[in-house]
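K.L.:
can you look at this prediction? I've put the sequence above it.
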Amino acid sequence: MFPPSIIIDDTTLRDGEQSAGVAFNLDEKIEIATCLDALGVPELEIGIPAMGDVEREDIRAIASLGLKANLLVWSRMRADDLDLCRDLGVTMVDISIPLSDQQIQRKLGKSRAWVLESIEYHVKLAADLGLGVTVGGEDSSRADEDFVLCAAETAQDAGAQRFRFADTLGVMEPFGVFARIGALRRAIDIDIEMHAHDDLGLATANTLAAVRGGATHVNTTVNGLGERAGNAALEEVAVGLHKLYGQRTGIDLTGFPELSAQVARASGRAVGWHKSVVGEGVFTHEAGIHVDGLLKDPANYQALDPQDVGRQHTLVLGKHSGAQGVMAAYARLGRTRARTEADELLPRIRAFVTRIKRAPFPVELVALYRELGRRQTVPAPQYDRAA
């Protein structure tokens, strides 16, 4: 059972920037925030006020842009941190506190009772500042399930609008997420947000499972940027919600290539060739059977129409190409080749890519054909039959 709408809260400018070695300047932050907003991403988490004066000025600058998106900041559950969140132009704050015994005892040196008291006090304090409140349950995935429910109920009773279930170390799997979020949904009436990390490669799957369990909000980052292995990727979650569940997020999926490139440049983190949705290779085809099938009907090997995400298919020649792929490649150059010629060119193309480790450029395809033509026109050697 799905909520009536799923809200994506993108945290590229907060958790994404926490990726080791990543530091956005103000121009880059504005560019990313503006692009996210233009694509229709409904919520943006844009910084940590306690980081200092420069961070707060950056937050104010983004807030002054007049974006349509709801803007949030992140804070520790401390009165001095919350005081720094006032007058920034944002509408909501995520106040985070550990919920696992591991972090409560070994990080904070506190007790469960202290955590509950802290939630009640700081939610009311944030509300007094005129901010909407999300209570972020850090390390919820390793916390006692009953205590997480108790913390969420305490947040609700204190006046919080949302509870964030954080798989801080990325240790959950989809079935467990579905069960945990379902239990939360039955216990509280306020919104539930899923915050997933990708340490086991399951952030997107866990995020989608949370939606199936009743989450109303999900955290993402562009390209899956974030701490350690990163967060659930915006492009994967948005496409997954649309393609798998028929859930509209209001986000223009065709803008993902430009947005992905922006974040890659600003972060200095290149997008992997195999990265889903935005990677160079995701709509690139070489194998003969696949290319032949695509040329006959794209639906033969197309689960996601590349045009839906601002992309197109790319056919390349390589070791596993077939004759149809060769003929198509030369046709794109305006040079029709017969099947017999394609069959003769295949071994040469395969030898080329094995040696050079890439597909041949157009000029090299022309050269390969000319070389084939020269070999075919060389007269066969004559032998004296009487010898």
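P.N.:
Received it, and whenever you're ready, just let me know what you need.

K.L.:
from now on I want contacts and neighbour counts done on CA atoms only, so please keep to that.
P.N.:
Will do.

K.L.:
tell me the pLDDT at the spatially most central residue of the chain?
P.N.:
The residue at the geometric middle of the chain, judged as the C-alpha nearest the mean C-alpha position with CA atoms, centre = their mean, is residue 233 (1.4 Å). Listed pLDDT for residue 233 reads 98.

K.L.:
next one: residue 287
P.N.:
In the prediction, the pLDDT value recorded for residue 287 is 87.

K.L.:
now residue 324: which helix or strand?
P.N.:
Secondary-structure assignment from DSSP states H and E places residue 324 in helix 323-332.

K.L.:
spatially nearest residue to the residue nearest to the centre of the chain, not counting backbone neighbours?
P.N.:
Across the structure, with CA to CA, 6 or more residues apart in numbering as the measure, the residue nearest residue 233 apart from its sequence neighbours is residue 224 (3.8 Å).

K.L.:
number of nearby residues for the one you found?
P.N.:
The local packing count at residue 224 equals 25, with neighbours defined by other CA atoms under 10 Å.

K.L.:
for the helix holding residue 324, buried residues please.
P.N.:
Applying a neighbour-count criterion of 16 or more other CA atoms under 10 Å, the buried positions in helix 323-332 are 323, 324, 325, 326, 327, 328, 329, 330.

K.L.:
do stretch 264-271 as well
P.N.:
Those would be 264, 266, 267, 271, for stretch 264-271 by 16+ other CA under 10 Å.

K.L.:
and for stretch 64-74?
P.N.:
Of all the residues in stretch 64-74, those buried under the rule 16+ other CA under 10 Å are 67, 69, 70, 71, 72, 73, 74.

K.L.:
in strands only, show me these.
P.N.:
Among the buried residues of stretch 64-74, the subset assigned to strands under DSSP state E consists of 70, 71, 72, 73, 74.

K.L.:
which one of those residues is nearest residue 111?
P.N.:
Nearest to residue 111 among these, counting by CA to CA, is residue 74 at 22.9 Å.

K.L.:
from residue 88, how far off is the closest one?
P.N.:
In this structure, residue 74 and residue 88 are separated by 12 Å, where distance is defined by CA to CA, to the nearest Å.

K.L.:
same thing with residue 323?
P.N.:
Between residue 323 and residue 88 the distance is 62 Å, computed by CA to CA.

K.L.:
do residue 359 as well
P.N.:
Looking at residue 359 against residue 88, where the rule is CA to CA, the gap reads 52 Å.

K.L.:
just residue 293 next, same as before
P.N.:
Counting by CA to CA, the separation of residue 293 from residue 88 is 55 Å.

K.L.:
compare these two and say which is more crowded by neighbours.
P.N.:
More neighbours surround residue 88 than the other of residue 293 and residue 88, with 19 against 15 (other CA under 10 Å).

K.L.:
check contacts around the more buried one.
P.N.:
For residue 88, the residues meeting the contact criterion (CA atoms under 8 Å, 6 or more residues apart in numbering) are 56, 59, 60, 63.

K.L.:
what ranges does the stretch 101-250 of the chain have for its helices?
P.N.:
Assigned by DSSP state H, counting those that start in this stretch, the helices in the stretch 101-250 of the chain fall at 101-103, 112-128, 145-158, 174-187, 203-213, 234-245.

K.L.:
could you give the mean pLDDT of the fifth one?
P.N.:
Okay, so that is helix 203-213. 98.

K.L.:
could you list every helix and strand that it packs against?
P.N.:
With contacts defined as 3 or more CA pairs under 8 Å, 6 or more residues apart in numbering; DSSP states H and E, helix 203-213 has these neighbours: helix 174-187, strand 191-196, strand 217-220, helix 234-245.

K.L.:
and of these, who's closest to residue 47?
P.N.:
Across the helices and strands packed on helix 203-213 (criterion: CA to CA), the nearest stretch is strand 217-220, sitting at 14.1 Å.

K.L.:
so which residues make contact with that closest one?
P.N.:
Here strand 217-220 has contacts from 6-12, 191-196, 207, 211, 231-234, 237, using CA under 8 Å, 6+ apart.

K.L.:
try stretch 116-136
P.N.:
Residues from elsewhere that reach stretch 116-136 (CA under 8 Å, 6+ apart): 77-79, 82, 86, 90-97, 151-152, 154-155, 157-166.

K.L.:
please redo it, this time with the cut-off set to 6 Å
P.N.:
The set of residues that contact stretch 116-136 without belonging to it, under CA atoms under 6 Å, 6 or more residues apart in numbering, is 91, 92, 93, 94, 95, 96, 158, 160, 161, 162, 163, 164.
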